[in-house]
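> let's see this in three dimensions:
(chains A and B)
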Amino acid sequence: MIKKTPLYNLHIQHGAKMVEFAGYQMPIQYKSGIIQEHKFTRENAGIFDVSHMGQLFISGSNQLTDDLEKIFPINLKNLKTNQSKYSFLMNDQGGIYDDLIITKLKDGYLIILNAACKSRDFEIIKKKLENKYELNLDESLSLIAIQGPKAKNVLGKVVSKITNLKFMNGEEFEYDSSNIYITRSGYTGEDGFEVSLENEKAEKFVNQLINYGAKLIGLGARDTLRLEAGLCLYGNDLDEKTSPIEANLKWAIPKSRVNTYYPGSDIIKKQIDDGVKTLRVGIKPETRVIARGNTKIFDQNDKEIGKVTSGTFGPSVECSIAMGYVENNYSPTNTKIFLEVRGKKIPANVCDLPFYKKNYVKGEKNV
Amino acid sequence: MSEVKFSKEHEWITLEGEVATIGITKHATEMLGDIVFAELPEKGKNVEKDGTAGVVESTKAASDVYTPISGEVVDINQSIVDDPAKINEDPEGAAWFFKLKIKDLSELDTLMNKEEYEKFAKETSS
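Purely as a prediction, here's the structure:
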């Protein structure tokens, strides 16, 4: 049975082309198309229905913090209430079950999980916590992202005082006489917010955002936006066989956690000390050819050195862009590599991520 | 110029003397979405009916372009390679793909007329 989000009717009303994604009917694009939607988000304010993602609430106090630190490679004791961090659910081999955002709440934690992973994540986390706490993968809530330089203006007209929120921080706000939870975060490389609210209020809320000038944006543009911003998509760029170190996400594991236990911690420590065999890099083909996931990567001597994991045309950078994994000695910026597309070897260069630099909010510290 | 004919692979073709002009249909571009890359056959190459004669890619996926008729490639539209967005703008006009010196006129008989194609496109896209 394919699920629908509470915004399904609104998507159809706005001419969405619907596809199945992680068991949900989701909009891949609307009438104006992926490129226009992408550019609108970079210049204005885009609304993304991300209600298919998991919102996992775990209630508990100090003991819960200790127990969660045995699951996530992160320093939760230092996290302030309403502060968020990017982290991973990992296996004992150092591979990634899911990448996630964890936020400390007054009486516990909120973890935002990828749609395709959320059921399994729930089971893994529940088992590791040995039924000591109440876990709620809350299906009664929708999640709406609003992203772009004008996101704060548009959202500010619907919910007051949101501009005081700092990046990677959340807070409870009042909307339509109920409490909603908003974090300043997103996955587009733009300033933006993610709003968690009751399913019954989602459509009204989004209609208000639309009335103030924001537009609905589909999964197609969400993918080009995140790739331009150099952000990983679980299932493409991250998986159970890839460690955060190989994925070049070492920054997400604080130094204070390198020597303490979490699943795979021994392997991660070894990888930090001794280095890794392959590393995630940014790739720019020299032509307009698009190198999709699974494209083989070669060096100048025709030796196979890796594989592309995501590739598309970047509407804002106006060129072909990709990410992939190459043998470590080919990872330095500007290394010449070749991508095998339809039998031809396309010249390309390893490049720095992100492809598109973030829009900083003037007068606010935003990163 | 002859009547426009259409293939099941969503190409259109017109004939002027023994040279055919081939492109992809508006319906095809609507299914593909924003086209961001186009690859065309080389001039002088012989292509066979229903064989691959190019590639278009949208932000989402790559699709082969087939030739609805056999012949020798005598001209290609470089402007759509340089600016693939033109294909979405005017697929059945300025954004033609390639011209063929055709081999066998009877191959045209296997193709659909406009009315038949529109019916076919409607049936296959739902």
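> when you work out contacts or count neighbours from here on, use the C-alpha atoms and nothing else.
Noted.
> buried set for the helix or strand containing A:Lys204?
In the assignment (DSSP states H and E), A:Lys204 maps to helix A:199-211. By neighbour count, with 16 or more other C-alpha atoms under 10 Å in any protein chain shown as the criterion, the buried positions of helix A:199-211 are A:Asn199, A:Lys201, A:Ala202, A:Glu203, A:Phe205, A:Val206, A:Gln208, A:Leu209, A:Ile210.
> got a pLDDT number for the spatially most central residue of chain B?
Nearest to the mean C-alpha position of chain B, by C-alpha atoms, centre = their mean, lies B:Gly23 at 2.7 Å. Listed pLDDT for B:Gly23 reads 98.
> export the top helix by length along chain B as PDB, just CAs?
The longest helix of chain B (DSSP state H) is helix B:114-125. What follows is helix B:114-125, C-alpha atoms only, in PDB (Å, rounded to 0.1, in the frame of the first residue of the first chain):
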ATOM      1  CA  LYS B 114      -0.500  13.100 -36.500                       C
ATOM      2  CA  GLU B 115      -4.000  11.900 -35.500                       C
ATOM      3  CA  GLU B 116      -2.700   8.300 -35.000                       C
ATOM      4  CA  TYR B 117       0.300   9.600 -33.000                       C
ATOM      5  CA  GLU B 118      -1.800  11.800 -30.700                       C
ATOM      6  CA  LYS B 119      -4.100   8.800 -29.900                       C
ATOM      7  CA  PHE B 120      -1.000   6.600 -29.300                       C
ATOM      8  CA  ALA B 121       0.700   9.200 -27.100                       C
ATOM      9  CA  LYS B 122      -2.500   9.600 -25.000                       C
ATOM     10  CA  GLU B 123      -3.000   5.900 -24.600                       C
ATOM     11  CA  THR B 124       0.600   5.200 -23.600                       C
ATOM     12  CA  SER B 125       1.100   8.100 -21.200                       C
END
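> just to revisit the earlier point, check for me that the residue nearest to the centre of chain B belongs to a strand.
Yes - under DSSP: H, G, I helix; E, B strand; the rest coil, B:Gly23 falls within a strand.
> hmm, it is touching B:Trp12, no?
Yes - if you go by C-alpha atoms under 8 Å, B:Gly23 and B:Trp12 touch, sitting 5.4 Å apart.
> which residues do those two both contact?
Residues touching both B:Gly23 and B:Trp12 by C-alpha atoms under 8 Å, 6 or more residues apart in numbering or on different chains: B:Glu92.
> can you tell me which of the buried residues of helix A:199-211 is nearest chain B?
Each of the buried residues of helix A:199-211 was checked against chain B using C-alpha to the nearest C-alpha; the closest is A:Ile210, at 23.4 Å.
> for the closest one, give me the pLDDT.
For A:Ile210, the pLDDT comes out at 98.
> gap between it and A:Lys284?
Going from A:Ile210 to A:Lys284 by C-alpha to C-alpha, to the nearest Å gives 35 Å.
> check what pLDDT A:Gly363 gets.
pLDDT, A:Gly363: 42.
> what residues sit buried inside the helix or strand where A:Val19 lies?
Element membership for A:Val19 (DSSP H and E) is strand A:17-21. Under the neighbour-count criterion of 16+ other C-alpha under 10 Å, strand A:17-21 has A:Lys17, A:Met18, A:Phe21 buried.
> check stretch B:60-78 too.
Quick answer for stretch B:60-78 (16+ other C-alpha under 10 Å): B:60, B:62, B:65-76, B:78.
> ok, so of the buried residues of strand A:17-21, who is nearest chain B?
A:Lys17 (9.9 Å).
> in contact with that closest one, which residues?
A:Pro27, A:Ile28, A:Gln29, A:Tyr30.
> reformat those residues as JSON lines; add distance to A:Gln147.
Output for those, formatted as JSON lines (distance: C-alpha to C-alpha, whole Å):
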{"residue": "A:Pro27", "distance to A:Gln147": "17"}
{"residue": "A:Ile28", "distance to A:Gln147": "17"}
{"residue": "A:Gln29", "distance to A:Gln147": "16"}
{"residue": "A:Tyr30", "distance to A:Gln147": "17"}
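> of those residues, buried ones?
Neighbour-count burial (16+ other C-alpha under 10 Å) is assigned, among those, to A:Pro27, A:Ile28, A:Gln29, A:Tyr30.
> and these as TSV, adding secondary structure?
TSV is the format used below for the buried ones among the contacts of A:Lys17 (three-state DSSP):
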residue	secondary structure
A:Pro27	strand
A:Ile28	strand
A:Gln29	strand
A:Tyr30	coil
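> and the residues you listed as JSON lines, adding distance to chain B?
Output for the buried ones among the contacts of A:Lys17, formatted as JSON lines (distance: C-alpha to the nearest C-alpha, whole Å):
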{"residue": "A:Pro27", "distance to chain B": "13"}
{"residue": "A:Ile28", "distance to chain B": "9"}
{"residue": "A:Gln29", "distance to chain B": "9"}
{"residue": "A:Tyr30", "distance to chain B": "10"}
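> could I get those residues as TSV with pLDDT?
Below are those laid out as TSV (pLDDT from 0 to 100):
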residue	pLDDT
A:Pro27	98
A:Ile28	96
A:Gln29	96
A:Tyr30	97
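> for the strand holding A:Val19, what is the average pLDDT?
On average, the pLDDT along strand A:17-21 is 96.
> can you tell me the strand partners of that strand and which way each runs?
strand A:24-29 (antiparallel) (DSSP bridges).
> show me what the strand it pairs with is in contact with.
A:2-5, A:8, A:11, A:16-20, A:37, A:52, A:217-221.
> and if you look at stretch A:281-298?
So stretch A:281-298 is in contact with A:230, A:236, A:248, A:304-313, A:319-326, A:331, A:337-341, A:346-355, B:36-37, B:57, going by C-alpha under 8 Å, 6+ apart.
> what's the answer for stretch A:263-274, then?
Applying C-alpha under 8 Å, 6+ apart, the contact partners of stretch A:263-274 are A:70-73, A:90-95, A:243, A:245, A:258-259.
> give me the pLDDT value at A:Ala115.
On the pLDDT scale, A:Ala115 gets 98.
> close enough to count as contact, it and A:Leu56?
No - assessed by C-alpha under 8 Å, A:Ala115 is found out of contact with A:Leu56, at 11.5 Å.
> what sits in contact with each of the two?
By C-alpha under 8 Å, 6+ apart, A:Ala115 and A:Leu56 have no common neighbours.
> so where's the chain shaky on pLDDT?
All of this is about chain A. Across chain A, the ranges flagged by pLDDT under 70 are A:359-367.
> that's the other chain; I wanted chain B
B:1, B:126.
> run through the helices of it in chain order.
B:26-32, B:78-82, B:85-89, B:114-125.
> do the same with the stretch 151-300 of chain A
Counting by DSSP state H, counting those that start in this stretch, the stretch 151-300 of chain A has helices at residues A:151-158, A:199-211, A:219-228, A:265-274.
> residues from chain B in reach of chain A?
B:Gly33, B:Asp34, B:Val36, B:Phe37, B:Glu57, B:Thr59, B:Lys60 (C-alpha under 8 Å from any C-alpha of the partner chain).
> any idea what the fifth one is bridged to?
For B:Glu57, the residues forming beta bridges with it (DSSP bridges) are B:Phe37, B:Ala62.
> report how many residues lie close to it.
22 (other C-alpha atoms under 10 Å in any protein chain shown).
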